[in-house]
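Trainee: Here is the input, now give the coordinates:
(one chain, ligands or ions: 1)
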Amino acid sequence: MSRPLNILFVSSEVEPFAKTGGLADVSSALPKAIKECGHEVRIMMPRYRFISERKFKLHDIIRLKDIPVPVGNQSELANVKSSFISNLKDKVQVYFIDNAKYFGRDGIYQSPVGKKDYQDNDERFIFFCRGVLETLKRLGWQPDIIHCNDWQTALIPAYVKTLYASDPFFKSIKTVFTIHNMAYQGSFPPESFKKSNLPKELFTPEHAEAYGKFNFLKTALAFADAITTVSRKYAEEICTSPDLGAGLDGFLATRRKDLHGILNGIDYQQWNPLTDEHIYRKYDTKSIEAKVDNKKALTQRFGLEYHEHVPLIGAISRLVDQKGFDLVLEAMDDLMKLNVQFVLLGSGDAKVEKKFEAFQKKYADRLGLFFGFDEPLAHLIEAGSDMFLMPSRYEPCGLNQMYSMRYGTVPIVRATGGLDDTVEDYAGNGKGTGFKFEKYDAKELVKAVQRAVKVYQQPDEWKKLMKNGMACDFSWVHSARQYGSLYKELLK
Ligand code: ADP
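Mentor: Sure thing, here's the model as predicted:
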C-alpha cells in the first residue's frame, strides 16, 4: 500500500456526541472506515455544553489552552478537549473546540425552546472554522487533507487558500468539502462577512457572495480542492436543477469536474436483522420465513389485524417537505383501494400529522400511526413491513431504503438522488430490488405501489426481490475506499 495519509475530518455533528440528522452518523462511521483502510484520521467538532464531560471522558489538553482565534476585531479564546470514538478494531481521536460564549448552550443550531436559529450562528461557525486551523497549528499534527462537511465548516477551504496560504504548515494541505444537503447553506447578511476577516475582494458572486448575502456553502464551493456529495445522482441534480441546486446550481456547474458523488454506507452492526435486539424475531436470508413473526408483532403494535396476504407498507421519516408526504396524503384514498395496510412512524409537522389522523379515522383497520422519534420502533418497522415507502421530493442519499433492503423489505421510492442510485427497479423474472417512479406525482406513486402489490401476489417472485436486496452490500468500506482514492488523487 502507498503511504498512509493524515486526514482531519471536521463536522458540527458527530454521533454519539451531537446529532440532528444523518450528518452525525456519517461523521462517525466514515472516519472509522477510513481508519480501517489504514489512514490516520482525527476529528474536530465544537464542544456543545450538553456533551457530558463525565459520560464521554473528555480530557483537557494542556498545551491547547486559551488559543486566540480572531473573529472580526475581537480575539476569542478556544480551549480544546479530547475523547475518541471506536469500533471493534480502531479508535479515532476527537478534538472538541470549546468556547463558553459560542457553544455553552443547550442546542446545536437553535434553542430547544422556541426552535429559533441562534442569531449569532455566523459568528459561532466563523470561530469554529478558524479555531480548527489555529488548533491544528498548535497541535503540530499536519494533515494531508482537511475534509470539511456542510456549511458550518465551509470557510476552512477559503482560509487555507487565503489567510493561511503563506504559512508553511498549511502550504501543502488539500481540502475536500462534502455537501450533505444543498438546502442548508449558511446564508447571512453581508455585514457578517467582516467577522470572517477574509479578504474584502472575496465578497463577490465569484466567491463568497450569493444574492447579496454572505453564503458559507458557496465559499467552500469556490475554494475547496474537491467537492463531494452523497450520491452520484444527487451530484448531477444539484448542478442541473434550480430546485435542488437551491440557487447555487449554476455556480456549482462551473466546478462539475471537481464534484464527485460518493454514496454513504450504512452501519452494519446497528442494522442487522440477525442480531437486532429491537425486533421480535431475528432472521437472515436462510431463515427468511421468520420475518413474518415481526410482521405479526408490528401489526399488533399498531393495533391492526394481521392478514397473511395483505401487504404491509412501512414508512419512517421526518415529516418535512423534502420527504414527499404531501403525495402520500393526496394518494391515500387510492392506496387504500389497493387492499394494503400502512404504518407510519413520523416526526415533525403538526399539520401533516393532523391530516394523517383524519385518514386514520376513515381507515382505522388499515392505517397505523405513531408520531415521535422512536429508534426501537424504527427497527421493528424495517423488520416487520413487506414494503417500505420513500416518495421523497429530493434525497441526497437516504438511509432507510438501504436498511429496508438489508431487512428483506422491498423499497418503493421516487427515483431521485441516492434513492435512484441504490434501488434497482423491478424488471420481471426475479430481477431488481424495488419499485421506482420518476415524476413527483400522486398518480405515479399509486402506480408504483400497484406494481409492487401485483408482484407481492406471486410469492416466489417476491421472495427473489427480498433476497436480491438482502444480498446488496451497502457497507461503509466502499465509500471509504473511494474517499481514499480521491485524497490520493488530490495529493499527486
Ligand atoms: P434524513 O437525514 O434526511 O432525515 P435519512 O434517510 O438519511 O434522512 O436518515 C434518517 C434517519 O433517521 C434514519 O435512520 C431513520 O430511521 C431515522 N428516523 C427518521 N425519523 C424517525 C423517527 N420518527 N423515529 C425514529 N427514527 C427516525
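
Trainee: For whichever residue of the chain sits closest to the ligand, which residues are in contact?
Mentor: Nearest residue of the chain to the ligand (CB to the nearest ligand atom) works out as Gly22 at 3.2 Å. Where C-beta positions appear, they are placed from N, C-alpha and C, glycine not excepted. Counting by CB atoms under 8 Å, 6 or more residues apart in numbering, Gly22 touches His180, Asn264, Cys397, Leu399.

Trainee: Make a markdown table out of those and add neighbour count and distance to the ligand.
Mentor: Shown next, in a markdown table, are the contacts of Gly22 (neighbours: other CB atoms under 10 Å; distance: CB to the nearest ligand atom, whole Å):
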| residue | neighbour count | distance to the ligand |
| --- | --- | --- |
| His180 | 22 | 8 |
| Asn264 | 23 | 8 |
| Cys397 | 27 | 6 |
| Leu399 | 21 | 4 |
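
Trainee: Quick one, which of these has the minimum pLDDT?
Mentor: Confidence by pLDDT is poorest for Leu399 among the contacts of Gly22, given 94.

Trainee: where does the protein come near the ligand, residue by residue?
Mentor: With CB under 6 Å from any ligand atom as the criterion, the chain meets the ligand at residues 21-22, 316-318, 345-347, 373-375, 378, 397-400.

Trainee: Show me which positions of the longest helix along the chain end up buried.
Mentor: Longest helix in the chain, counting residues (DSSP state H): helix 121-139. For helix 121-139, burial by neighbour count (16 or more other CB atoms under 10 Å) applies to 121-136, 139.

Trainee: so where's the protein uncertain?
Mentor: Low-confidence segments of the chain, defined by pLDDT under 70: 1.

Trainee: Please parse it into its domains.
Mentor: 6-265+477-491, 288-473 (automatic domain parsing).

Trainee: For stretch 481-492, what is the distance to the chain centroid?
Mentor: Distance, stretch centre to chain centre, for stretch 481-492: 22 Å (CA atoms, centre = their mean, to the nearest Å).

Trainee: Now for the contacts of Gly22: which two are most distant?
Mentor: His180 and Leu399 (11.8 Å; CB to CB).

Trainee: related to what we said a few turns ago, of the residues of the chain next to the ligand, keep whichever come out buried.
Mentor: Buried among these by 16+ other CB under 10 Å: Gly22, Ile316, Ser317, Leu345, Gly346, Ala378, Cys397, Gly398, Leu399, Asn400.

Trainee: could I get those residues as a markdown table with secondary structure and distance to Glu308?
Mentor: Converted to a markdown table, those look like this (DSSP: H, G, I helix; E, B strand; the rest coil; distance: CB to CB, whole Å):
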| residue | secondary structure | distance to Glu308 |
| --- | --- | --- |
| Gly22 | helix | 35 |
| Ile316 | strand | 23 |
| Ser317 | strand | 27 |
| Leu345 | strand | 23 |
| Gly346 | strand | 27 |
| Ala378 | helix | 24 |
| Cys397 | coil | 34 |
| Gly398 | coil | 30 |
| Leu399 | coil | 29 |
| Asn400 | helix | 25 |
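
Trainee: can you list these in JSON lines and add distance to Tyr363?
Mentor: Formatted as JSON lines, those follow (distance: CB to CB, whole Å):
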{"residue": "Gly22", "distance to Tyr363": "31"}
{"residue": "Ile316", "distance to Tyr363": "19"}
{"residue": "Ser317", "distance to Tyr363": "19"}
{"residue": "Leu345", "distance to Tyr363": "17"}
{"residue": "Gly346", "distance to Tyr363": "16"}
{"residue": "Ala378", "distance to Tyr363": "22"}
{"residue": "Cys397", "distance to Tyr363": "32"}
{"residue": "Gly398", "distance to Tyr363": "27"}
{"residue": "Leu399", "distance to Tyr363": "28"}
{"residue": "Asn400", "distance to Tyr363": "23"}
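
Trainee: between the residues you listed, which is nearest Val413?
Mentor: Of those, the one sitting nearest to Val413 (CB to CB) turns out to be Gly398, at 7.8 Å.

Trainee: From the contact counts, what lies against the strand ranked longest in the chain?
Mentor: Looking across the chain with DSSP state E, the single longest strand is strand 74-86. With contacts taken as 3 or more CB pairs under 8 Å, 6 or more residues apart in numbering; DSSP states H and E, strand 74-86 sits against helix 22-36, strand 59-60, strand 67-71, strand 91-98, helix 121-139.
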